[in-house]
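Student: Sequence unavailable; structure follows:
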């Protein structure tokens, strides 16, 4: 099925999500989503200044965030910190109610509450926090998340929602004590910037041959450092990322143009049409011709 029929993440060239989560007056948004319904059954790489809480209501979700890969089973939840680039995958229908909100909803920036309780968590080394049912605090966090989700079906729920969010944040603050001792803001920002620069370079130049030397030069790192950066944060190699991006671009051309399969393969950087067709079928589960017909 053409990818235009699937929902997908809308992000700019730095992978910052461009969708507004709520409004300036009330920067909070609730979503009820199934990862399986997204393009390639994946909520692709993105980040946002807001924080996010996700609960797996059904199925198993695979979260790639920061430098880790998390497996979230049914009934488990996760906190994704501000400005952490992340991606969600699944192997079948996986329902994930989630909330995305600005921490400024809880307290004004510069206020005592914000500086004492909110900013230390945002600037800590905690990129993500996983919640299971193994201890009482994490159980309580999950219960509050469910309470917040349920509140969204009520009218005039804003004050109840913010009250529950404050209690949720209090628990997050308590269990994040070790990570709050070390700020990761500068290191994380530099790493994210370098990664985004390389990914953006690939997106701009994907149609031609790109060498690892080029990518390393973009961010003034060694080739081994670039390989390590992709392995640690994206859990793939630069070559694999490039090929997948080329295939996604090819899928869009198959949907939106009448160009031949061989022309599209050439336009997206594939010199061998047989190799292109094999890789396309592995990623999309069908040949380029079948994709276009569907």
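Tutor: The structure has been received and is ready for your questions. None of the values given here were measured: they were computed from a predicted structure.
Student: tell me which element residue 53 is part of?
Tutor: Per DSSP states H and E, residue 53 falls inside strand 51-55.
Student: what pLDDT does the residue of the chain most remote from its centre get?
Tutor: Here the chain reaches farthest from its C-alpha mean at residue 260, the gap being 33.1 Å by Cα atoms, centre = their mean. Per-residue confidence for residue 260 comes out at a pLDDT of 95.
Student: What of residue 219?
Tutor: Note on residue 219: pLDDT of 86.
Student: One more: the one 5 residues further on?
Tutor: Model confidence at residue 224, expressed as pLDDT, equals 90.
Student: Correct me if wrong, but it is in a strand.
Tutor: No - Residue 224 is assigned helix when assessed by DSSP: H, G, I helix; E, B strand; the rest coil, not a strand.
Student: quick one: it and residue 245, what's the gap?
Tutor: Look at residue 224 and residue 245: by Cβ to Cβ, to the nearest Å, they are 22 Å apart. Every C-beta, even on glycine, is put in place using the N, C-alpha and C of the backbone.
Student: the more surrounded of those two?
Tutor: residue 245 (16 against 10; other Cβ atoms under 10 Å).
Student: List the buried residues in the helix or strand containing that one.
Tutor: Using DSSP H and E, the element containing residue 245 is helix 238-256. In terms of neighbour count (16 or more other Cβ atoms under 10 Å), helix 238-256 has its buried residues at 238, 241-243, 245-251, 253-254.
Student: What of stretch 48-62?
Tutor: Applying 16+ other Cβ under 10 Å to stretch 48-62 flags 48, 50-57, 59-62 as buried.
Student: Distance to residue 202 for these - can I get that in a markdown table?
Tutor: Formatted as a markdown table, those follow (distance: Cβ to Cβ, whole Å):
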| residue | distance to residue 202 |
| --- | --- |
| 48 | 22 |
| 50 | 26 |
| 51 | 28 |
| 52 | 26 |
| 53 | 31 |
| 54 | 28 |
| 55 | 33 |
| 56 | 31 |
| 57 | 35 |
| 59 | 31 |
| 60 | 29 |
| 61 | 26 |
| 62 | 23 |
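Student: re earlier: how about the residue farthest from the centre of the chain, what does it touch?
Tutor: With contact set as Cβ atoms under 8 Å, 6 or more residues apart in numbering, residue 260 has no partners.
Student: Now the phi/psi pair for the nearest residue to residue 246 once chain neighbours are set aside, please.
Tutor: In this structure, residue 246 finds its nearest non-sequential neighbour in residue 268, 4.5 Å apart by Cβ to Cβ, 6 or more residues apart in numbering. Dihedral pair for residue 268: phi -100, psi 20, per degrees, to the nearest 10.
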